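Q: whatever this is, show me its structure:
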Amino acid sequence: MEAVNKGAYEAGAESVGLAIQLPFEQATIPYVKKSVVFIFSSPRKVMLTAPSQALVGFPGGFGTLDEFFEVLEYYGARQNGKGAGGGRGREFWGPIKDFWRSTPARPGR
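A: The predicted structure is shown next:
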């Protein structure tokens, strides 16, 4: 998320950081003009996604993966009216499950 904040900062736009309070997390980056710190991750994810009209994901760490799948699950279940358990949910989740099962982990990449 540093790239987004840096781009906004350099363009003179408002740059808001939505941080989470974790024991070993880094401090707020210098490109953030306003910062909101969350104790729990769920409200932070809502704040990151609620005003969005589109979401773009790029490779990252476990936090990125966690946020990606939570957003995918929430919006996917909302769009098809089902969770991952059945009905149209299987149709929606099938491709990502196939991808997940068929893509080997590559350590060091």
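
Q: longest helix anywhere in this structure?
A: In the chain, with assignment by DSSP state H, the single longest helix is helix 62-80.

Q: any idea how far Y75 lies from K45?
A: 11 Å (Cβ to Cβ, to the nearest Å). Glycine gets a C-beta too; all of them are placed from N, C-alpha and C.

Q: go on, S35?
A: 17 Å.

Q: quick revisit: check which helices and strands the longest helix of the chain sits against.
A: Counting contacts by 3 or more Cβ pairs under 8 Å, 6 or more residues apart in numbering; DSSP states H and E, the secondary-structure elements packed against helix 62-80 are helix 41-49, helix 88-102.

Q: I'd like these laid out as JSON lines, including distance to T28.
A: Listed next are those as JSON lines, based on distance: least, Cβ to Cβ, whole Å:
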{"stretch": "helix 41-49", "distance to T28": "14"}
{"stretch": "helix 88-102", "distance to T28": "33"}
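
Q: how close does F99 sit to I29?
A: Between F99 and I29 the distance, using Cβ to Cβ, works out to 32 Å.

Q: pick out whichever of these two has more residues nearby.
A: Under the criterion of other Cβ atoms under 10 Å, the comparison of F99 against I29 puts I29 first, with 15 against 9.
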